[in-house]
Structures are given as structure tokens and as C-alpha cells.
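A.B. asks: here's my sequence, what's the structure:
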Amino acid sequence: MSTIALYNDQGGAEAAVEAGQENSSSTGGAAFGLFSSDFKKNEDLKEMLESNKESLKLDAMKRVVGLISKGKNASELFPAVVKNVASKNIELKKLVYVYLVRYAEEQQDLALLSISTFQRALKDPNQFIRGSALRVLSSIRVPIIVPIMMLAIKEAAADLSPYVRKTSAHAIQKLYSLDPDQKEQLIEVIEKLLKDKSTLVAGSVVMAFEEVCPDRIDLIHKNYRKLCNLLVDVEEWGQVVIISMLTRYARTQFTSPWKEGAIFDENNDKAFYDSDSEEKKDTTEAKPYIMDPDHRLLLRNTKPLLQSRNTAVVMCVAQLYWHLAPTQEVNIVTKSLVRLLRSHREVQYIVLQNIATMSIQRKGMFEPYMKSFYVRSTDATHIKTLKLEILTNLANEANISTILREFQTYVKSQDKAFAAATIQAIGRCATNITDVTDTCLSGLVLLLSNRDETVVAESVVVIKKLLQTQPTQHSEIIKHMAKLFDNITVSMARASILWLMGEYCDRVPKIAPDVLRKMAKTFTAEEDIVKLQTVNLAAKLYLTNSKQTKLLTQYILNLGKYDQSYDIRDRTRFIRQLIVPNEKSGALNKYARRILLAPKPAPVLESSFKDRERFQLGTLSHSLNTKAAGYQELSDWPAVAPDQSVRNVEVIEPVQEWAPSVGKTKKSGKPKSADKFYSDDEEEKEEEGSESSKDSSSSSSSSEESGSESEEESSEESEKTSSDSGKSSSGSEKSSSESETEPKKKKKTKKAPQKKSKPPAAFSDSDENGNGPVAQASSSSAESSSGSETDSEDSDPPATPQKKKDVKSKPKAEVKSKVEVSLLDLVDFSPAPTNAPKSSVISSSLLSDLEGLSLSNISSTMQVTTPSFGPVKTYELLHHMTGKGLSAKYHFPRQPCLYEPSMVAVQVILTNSSDHSLEEIHIGERSPAGLNIHCFNTIERLEPEASVTVSMGIDFSDSTQAANFQLCTKEDQFSVSIQPAVGELLMPSSMTEQDYSKEQGKLLGMNETSATITMATANTSSQAISKQVLSVCNVGEVPSSQKSVHRFAGRTVSSGALVLVCLELKESSTALLTINTEKSVMASMLLRDLKQPLVQA
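C.D. replies: Numbers count the residues shown, from 1 in each chain. Here you go, the predicted structure:
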């Protein structure tokens, strides 16, 4: 009772202990309970721990553990706590173990006294007590108890409780760090634990493996498939460790999937299922790269983890795909990485660093999500800088206009460091994309008049680098910078201007000496970097213009001779001996001009993330850009794959029992292809099922097939449709993990339109008998020839007649929406389309914009047809030698596209030059995947020497990037591409002269591109000018009141951006050609294309 009374008198021990702790920490970290008042409270907790009442002990331990969790020092209570280690109360014992784990290392002598208690606790019936005892035992870091720890770990590794086995895996790492000599024995324990089938143990034992023996990959062979299959169910941090380890393992065991001509899904699955029919096909062709089934297993089982809530797991899977997946499959990680940008700024920083590295090598991955990298005002500076880096990496001719508009806003930012980084980014864009170099330069020159010194200074430095690429054209800019020299105070900018003056002093012969005169006045007050450049300028002017600058140079060299900085004194002595001839100067003086005025290579502006590629993504080394302790480099792919049989496990009974339940939504139509997975009974059932399904009508079978594809059918229905769903022999894999690769999804979409169209049974019966039209046969044969996973075409009912190529994209979206978990399909994650999608709901602001448009413009574009001055240019699409008798040519008819207004009309002339008829000519796969093409209908038969003209529509998205696609016949596929001239991406627009001037006034500055040209005398008449301009670009003439000014107007087909062309004739056959448009890249290309015909006679 006295103890309770004492405690109550204190008014709460916990508050008092905390107060004592704070007091003691403020007096220089004195030990707990140093002062008398604190000593009493500490004594109170000790009395409670030594009491005979379990409730008091439990209460005291809760308070002690509470103190530890708040970071307070409770080591003084160790003797009182350790006495309770043998308590019968399980709750109390758990708390005592928590305390001992924290302080066992500090109070080793006292902890050693309780060793026998811990050993007894290892036999306790409660698994948590056994686990806690092992954790405490491994926390006592005294070499003398190593044998006891080793024995305890071995016993725990064989424990029935997965929790205790997990704890033993953690203890392995502690024992190894205490005594590395125990490595061999610990490896035996790790080998045993790796065979464990519990998801609780997997992550911990792999962590122990990585710590103790990361080079012993032979331990992983037999457990590789098990680890891949357990991965989804392992706890999150275990997933991170396992994925990292498997990434390293895969790089040593599989061959590179990045080889040219590699074939993945189709041949991979055939090899996996040992299909006889496909093996015969392979023998006829040269054997291509076939992905190892285990390699595919790893990729397939990690894909669902991209939807993990743990950012580390998503990042880990992303790096695995980056380092292991085929090039065309890496894109699936993009959406997940972009999703992580919604997280905390610490997570954003790491993710953006990795995206920056990835975007250097593969711009296309993140281009559709460019808007996600736009800078927000709330972003921290380091986040802004990384987003800027990524936007610069993503810049190309198609999107540079958008990015430069974005950069113009960033330059005005109040964050000076960010504004300076933006100017550097503009400089990088200018060097990487030559079409916008002039535009960027003119924009940077405008920034020189900015009030902010930082912006001006950075602009000067970047302009200096850009001028080095083409100095002959820009003497005006150098003069402009010389005028601003007095107002610029930042030393780096002043030094850059002085360097430019010296390097190009022959271009500004009057200004350079004057700048040197000004520098001579202020030389002593300048920064060292400015002084060095002043000395260089003096030396260069002395060599090129010694009459004016001889005395100035001598004066500056005398000032430098007595400067405080030894760098400047040394430079001055060197320069004097080099340029001023005297007896001591020797032979070097003769080469002074060659040394100082040597042509210098232009600097290459590269990404700061260029050299980070050598580190594995997601690692600390990659983040710091330096090798961190413990970093293990990824090995190169082996030239020849090691023996894959080492991963075979002898016991396969559990797999046979498990497979049918997973695969019941889709079963293979051919028993031979699944004999590794299915038992004999099931094969018989499948054969019966396929026979019964043949009797059913094709309309019902097609509906049943759609059910099995959406994975909603019962097992009985799916057995009925076994022959239909035989088209995808890996169905069980698809349904179990929802992780098909992209090519598989494409094949799935080929069958998807069957869900919508349900033709009458009679119609499809005629097709089965072979009496149907040829077009119907084409769809099924095209499906098989494109490498879909059919095991036998004979047993499959033929595909229903349809224009599957045209409707291909829509069903793909529907199928995907059913299969994919919607966690990633958030509103602003849809890839930014190259041209704006048609919205079903029109906003009020858009309505007002639409009301302002005059219909006359649209009608005028419709009236313009093929120019009358001559035939249109025809380009070769496919040569008859390459196309095995099929030749194709195309031209742009310059007519509005009937299929979609944003498409460019293309007419293709197909000719059969062979001696036999060609069947089923159609368009196959296209690249890039998002390319919008309106294909022509399948041509059933083309007789020898016959020709046919077909129309297509292609949405080039205002880019001259080629549209790549396959032109297919029944037997062959030919890769072809259509690359438009920039002028063909326009449609004529009619407007008055006043409207033209008004629109031109809106498109100045960076939206204006101009050049002075010398025209051929034959082209100076109005008629000749119109003819030459219209031969290059599809624009409309604008009436002009001045004879010397010729105006043309058009709009881009895809986005409708206005393009204005103006040719103003000057004296002596010169003319000023000006193009105004938001699309600065198009303007540069159009300017180049127009120059040629106007200049040539």
C-alpha cells in the first residue's frame, strides 16, 4: 500500500520523469536521476518494478517504454527491469524484452547475467516470447556468446512459427556483423531459410542473403521461381529487397532482351508450352532471340506491384523493368512513376531524379505526360530544377514551342536560382534543336534588358555559349552586349562579354578597344575572373590592332604585374613574354597569334544527369552521383545464357493441383501445349468440351468467348468455350496475375470486336464451309500470320466478318478497363494527346470562342483543291523488289480529309508487278502506337499488272515525324513509312489584308522567323512567286494592296494554328521572307523549304 500512496503523492511519475529528463539534458547531459527530486521519482519507478504486484510492474514498464519511445534515456532502470525478465506474465515479459533490445548493447554485463533466462525463453510455448528472446540475445554484442547465438539461430530457423523464423533471419545479420568468421555456418542457415514457403520469412532471409553472401547466386537458383510467385504476398519492405536481389540475379542468368530483331511474347510462350506446331514453324526461319520463361516470369509477377501504395516498391519495380525488360515494355512503368509525383516532396525528389536519367535515353516514355512535369508555384527549388531538367530532356521539334512558352513564364519567377536554371535550359534547347536556335537567341537578348541582375548575368553566359556555335551571323548581338556592359555587375557575365570581345574582336573592331579602355579604368576594383579576361582581351587586341591598343595593353600588364592575386601576376608575366617580342622571349613569340586566336570548339551543353547512367536506378549512389559504401554494380548481360535447368525443382505435385483453379477462365484448346500444367483427366475434359462447343452455333460461342475474356464466366461455361479461347494459350497466366505484356494486349484487341458484332449463325456457317467472301478468311489468316498464340487454326471457328483494323483502338480501351485495376487511371494521368480530344461537354468559354469564328474561313479551305500549275509530287512507299511484286506510291492530294478534319489526306497507288495475284492487302501494326491512321478497306485481290488507288487519313499532329506502319498481304508484311513535307501539314485559309495584319501583330517575338534571300530573276513576278510558294506549301493567297508584298495564309491541319507567310521584295533582287506562327519549329523548316525554290532559277 505504501508504494501506491507514494506514487499517488508524486502526482504521476511519467510527467515527473520527463521533467527530470529535460532538466538533466539542459545541464550538459547529466545522468538520469542526478538531482535529488529526479532521484526520488526514479526511485519510485524502481520500487514499482520491484513490487510483488504484477499490475504495478506492468504499469511501470508501460511508462518506461513510453519514455523510450519519446527519446528519453531510461538506462538507469536497467537493473530493476532485467529482474523481471523471468516473469510469468506474458504482457510484462514482452515489454521487458522491448526494453532489453534497446539497452542490451549498452549494459552488456548485466544482460549477460540473464542469458540463461533468454535461453529458457527460446523454448517458451508463446511464439512472440521465443522471437523476442532471440532478438534480445542477438542484441547483446559480446563475442563470448557467439556460440550461444549461433545455436539459438539454428534452432529458431527450424521453428514451426514463421514469426520466429523471420526473427532468426534478422539475427543472422547481427551475428555476422559481430563475428564475420561465422559466415560458412550462417550460409547453411540462409540456404535452409531460403527454401521456406512462408511470405513472412522471404523478405528477411533475402535481406540476410544480401548482407552475408550476395555473391552466392547458386543459393537462389532452386528458389528463384518460388520467390517470383511469392512476391505479391510478401510485406512491402521485403518486396523491395527481393526485387533488388532478383534484378542482380537476372542480369547474370539471362541474355539481353535489347538485341535487334528480338521476339518476345509469341515465341516465348511457345517455348514455355512446348507447342509442336510452332516448333515446326521456327525450324524454317533463322532462330531469333527467345526470352527465357523465367525472365518473363519475373517481369510478369512484378508488374502488379506497380500499383503498390508503397513508393519504394513502385520505384523498385520501375528500376527492374528499366534494367531487365525489352525496350518496348519499359513504357508500362511510366504511369506509375508519374503517379508518385503526387507524393511528398522527398519522394518527388528521388522519383524525378530517376525520371531525369530515364528521359535522357528514352524521351518517348514520358512525352505523353509532359504536363505532369510543369512547374508549380508551390514546388521547392530543387523540385523545380529537376522538373526543368526533365522538360529540357523531353524537348523535340514537335513540342519545343510549348516548352519554350512554359520557359518564358519560368524566367519571370521570383526564385532567382530557378530563373537562372531556366535560362540554362533555354540554352540547352537551342543547341539540341537547331531549328529554334535563332528564336532562343533573340529571346535571350530581350532578357538582357531585364531589371534582375541574376537573369541578365545568366543570359549573357548562355548567349556566349550559343554564339560560339555560329559567331559569323551575330555581330549585332555582340555589339548589343557591349553597350550593356557598364550596367552589368555580376562578374561571370562581365567576364563572358570580355571573352566574346576578345574572341571575335575582328567583327567589332571599333567597339573592342573602347571596352578595353573602360576596363583599364576599373581594373583594380574588378573580380579576379574579370581581370583575367581583361588581360586576355588586351593580348588579343595587341595582336590584331596594336596601333590603337599598344599603350593600353602595356598599362594593363603593368597593373597586373603588381596585383594581389598570384594567378593574375603569373598570367600577366606569361602574356607579356608571349606577345611582346624581346631577346628573352625565344621561339614562342612567333606562335602567339596561333596560340591566343586559335579556333575553339563550341561547348556542348549536356544534361547533368548524363553520367548517372552508370549507377543502378533507385540507389543511393544514383541519387548522390557518387559510389556509396555497399553499392553493388549491375553486371553486364552474359553473351551466352547459363544453363536454365539449374532452376528446375523436382517436386511439381503442388503446381499440378493448383493450376486448374487459376486457369479456369481460359483453357488451352490443345492439350499438348499444356501438358506441363494439366493432369490427364483435365485434358480429357477439355477435349470433350471442345467437341461440344463445335456443335453450338457461332453466335453463342462468340458471346461465350467474350465472357471468358472478361473473366466473368463460370467454370462450366468456360469449359464449353475451350476451343474458342484456345487462341491465347497462356490464358491461365493472364487471369492469375493480370500482367500480360503490351504485345499480348494487342492480340487480345484483335478478337475484341467480336464481342460487339454478333452475326447470324447462317452467315458464319457459310464462312466455315469456305463459301463466304475472301475478306472473312483474311481476318482469321491475318490473325494467325501476325503471330497470335493459336495452337491449331483448324479447330478454331473462323473470325466473324468485320473491319477489325478500323475499330481496333476502341475495343482495346474497353478490354483494358475491365482488366486493369483503376488505381492508376486517375483523371490527369491520361496521356496528353498530341491533338486535343473532342469533348462531349463544351465549356462556356469555348462556346464564346466558337461563336467568334467565322464560317467563311472554313468554307474557303474546302474550296481550295489541287494546285492547277502542275502535277503533284509522287513519292515511293514500297519498291516492287522489296514488296515481292507489290509496289506502292503515294501523294498528298491537298484535299480536306473526309474521315476526320485533323487528318492529312494521302492517296496511295498500289500496283501488282508480280506474275500472280496478291490477296488481302491491308494495313497492319503502326508505330508509334498512338498514331491515328484511317486505313483503307482490305483489298481482297489484286490481279497481275493491275493498279488500284486508295485513300488514307493520317493525323501527323503537326509534326514531320514519319508515320510508320506495315503494309500486309496474305503471306507477307512490309514495313513502310510516310514522311510529310512540312508544307503538306497545312490547309489554305482565306482572309482580308486587314485581318492578316491584325493576326501578324499577335505573332511577333519568338513566334516570328525571318530571313533575307537573294531571289532568282525568273521568280520575281507575282505569278512565279505564287507558283513557287504553292509548290512548297498548301496555303491560300491573301490579296495585297502593295505590289512588292506577297502574303499567304494557312492553318495547320491537326491543331488549326495559324501560319502566315509574307514575302517582301527589296532592291536588287533581295527579299525579306517572314513566317509568323506559334509553331516555331514548323516555321524554321518551312523557311528552309521556301528558300530553295525562290533562290534557284
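
A.B. asks: can you map out the helices along the stretch 51-200 of the chain?
C.D. replies: Under the criterion DSSP state H, counting those that start in this stretch, the stretch 51-200 of the chain contains helices at 54-69, 78-82, 90-103, 108-112, 115-121, 127-139, 146-157, 162-178, 183-194, 199-212.

A.B. asks: contacts for the longest one, please.
C.D. replies: Taking contacts as C-beta atoms under 8 Å, 6 or more residues apart in numbering, the residues outside helix 162-178 that touch it are 127-128, 130-131, 134-135, 137-139, 141, 143, 146, 149-150, 152-153, 156-157, 159, 182-183, 186, 189-190, 193, 196, 198, 200-201, 204-205, 207-208, 211-212. Just so you know, the C-beta spots here come from the backbone N, C-alpha and C atoms, and that holds for glycine as well.

A.B. asks: for that helix, buried residues please.
C.D. replies: Within helix 162-178, the residues scored as buried using 16 or more other C-beta atoms under 10 Å are 162-176, 178.

A.B. asks: got the angle between that helix and helix 183-194?
C.D. replies: Helix 162-178 runs at 160 degrees relative to helix 183-194, counting by axes from the mean of the first three to the mean of the last three C-alpha atoms, to 10 degrees.

A.B. asks: ok now helix 162-178, how far from the chain's centre?
C.D. replies: Relative to its parent chain, helix 162-178 has a centroid offset of 38 Å by C-alpha atoms, centre = their mean, to the nearest Å.

A.B. asks: quick check: angle from that helix to helix 127-139?
C.D. replies: Using the same axes, to 10 degrees: helix 162-178 against helix 127-139 is 0 degrees.

A.B. asks: give me the angle between helix 162-178 and helix 199-212.
C.D. replies: 10 degrees.

A.B. asks: ok, now how distant is L324 from T247?
C.D. replies: 6 Å (C-beta to C-beta, to the nearest Å).

A.B. asks: try V535
C.D. replies: 54 Å.

A.B. asks: let me see the ranges of the helices in the stretch 351-500 of the chain.
C.D. replies: 363-366, 381-394, 400-411, 416-432, 437-447, 453-467, 475-484, 491-503.

A.B. asks: so which elements touch the last one?
C.D. replies: With contacts defined as 3 or more C-beta pairs under 8 Å, 6 or more residues apart in numbering; DSSP states H and E, helix 491-503 has these neighbours: helix 453-467, helix 475-484, helix 511-522, helix 528-544.

A.B. asks: contacts for that helix, please.
C.D. replies: With C-beta under 8 Å, 6+ apart as the criterion, helix 491-503 contacts 456-458, 460-461, 463-464, 467-468, 471, 478, 481-482, 484-485, 488, 508, 511-512, 515-516, 519, 526-527, 529-530, 532-534, 536-537, 539-541, 600.

A.B. asks: go through that helix and flag the buried ones.
C.D. replies: Going by 16+ other C-beta under 10 Å, helix 491-503 has these buried residues: 491, 493-503.

A.B. asks: quick one on the thing from earlier: could you give me the PyMOL syntax to select whichever of the contacts of helix 162-178 are buried?
C.D. replies: Selection of buried members from the contacts of helix 162-178 for PyMOL, criterion 16+ other C-beta under 10 Å:
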select buried, resi 127+128+130+131+134+135+137+138+139+141+149+150+152+153+156+157+159+182+186+189+190+193+196+198+200+201+204+205+207+208+211+212
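
A.B. asks: as JSON lines, the helices of the stretch 351-500 of the chain with distance to V1029 would be great.
C.D. replies: Below are the helices of the stretch 351-500 of the chain laid out as JSON lines (distance: least, C-beta to C-beta, whole Å):
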{"stretch": "helix 363-366", "distance to V1029": "34"}
{"stretch": "helix 381-394", "distance to V1029": "34"}
{"stretch": "helix 400-411", "distance to V1029": "23"}
{"stretch": "helix 416-432", "distance to V1029": "28"}
{"stretch": "helix 437-447", "distance to V1029": "21"}
{"stretch": "helix 453-467", "distance to V1029": "31"}
{"stretch": "helix 475-484", "distance to V1029": "29"}
{"stretch": "helix 491-503", "distance to V1029": "38"}
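
A.B. asks: go through those helices and name the closest to G71.
C.D. replies: G71 sits nearest to helix 381-394 of all the helices of the stretch 351-500 of the chain, at 28.9 Å, using C-beta to C-beta.

A.B. asks: contacts for the closest one?
C.D. replies: Against helix 381-394 from outside (C-beta under 8 Å, 6+ apart): 345, 348-349, 352-353, 355-356, 359-360, 363, 366-367, 370, 373-375, 379, 403, 406-407, 410, 415, 417-418, 421-422, 425, 428-429, 607-609.

A.B. asks: avg pLDDT for it?
C.D. replies: For helix 381-394, mean pLDDT is 92.

A.B. asks: just how off-centre is it within its chain?
C.D. replies: Offset of helix 381-394 from its chain centre (C-alpha atoms, centre = their mean): 13 Å.

A.B. asks: only C-alpha atoms, please: export it in CSV.
C.D. replies: Extracted C-alpha coordinates of helix 381-394, given in CSV (Å, rounded to 0.1, in the frame of the first residue of the first chain):
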residue,chain,number,x,y,z
THR,A,381,13.5,25.0,-55.8
HIS,A,382,15.2,21.5,-56.0
ILE,A,383,11.9,20.0,-57.3
LYS,A,384,11.5,22.9,-59.8
THR,A,385,15.1,22.4,-61.1
LEU,A,386,14.6,18.7,-61.6
LYS,A,387,11.3,19.2,-63.5
LEU,A,388,13.1,21.8,-65.7
GLU,A,389,15.8,19.2,-66.4
ILE,A,390,13.2,16.6,-67.5
LEU,A,391,11.3,19.1,-69.7
THR,A,392,14.6,20.0,-71.4
ASN,A,393,15.3,16.3,-71.9
LEU,A,394,11.9,15.8,-73.4
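
A.B. asks: okay, buried residues for it please.
C.D. replies: 383-394.

A.B. asks: over to stretch 67-77?
C.D. replies: Buried, per 16+ other C-beta under 10 Å, within stretch 67-77: 67, 72-74, 76-77.

A.B. asks: closest to S1022 out of these?
C.D. replies: K72 (92.0 Å).

A.B. asks: so which of the helices and strands packed on helix 491-503 gets nearest S902?
C.D. replies: Here helix 453-467 is closest among these (C-beta to C-beta), at 35.3 Å.

A.B. asks: out of V535 and T247, which sits in the busier spot?
C.D. replies: V535 (26 against 23; other C-beta atoms under 10 Å).

A.B. asks: any chance of TSV for the helices and strands packed on helix 491-503, columns distance to C228 and mean pLDDT?
C.D. replies: Listed next are the helices and strands packed on helix 491-503 as TSV, based on distance: least, C-beta to C-beta, whole Å; pLDDT from 0 to 100:
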stretch	distance to C228	mean pLDDT
helix 453-467	50	83
helix 475-484	60	81
helix 511-522	69	89
helix 528-544	58	91
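
A.B. asks: all good on my end, thank you.
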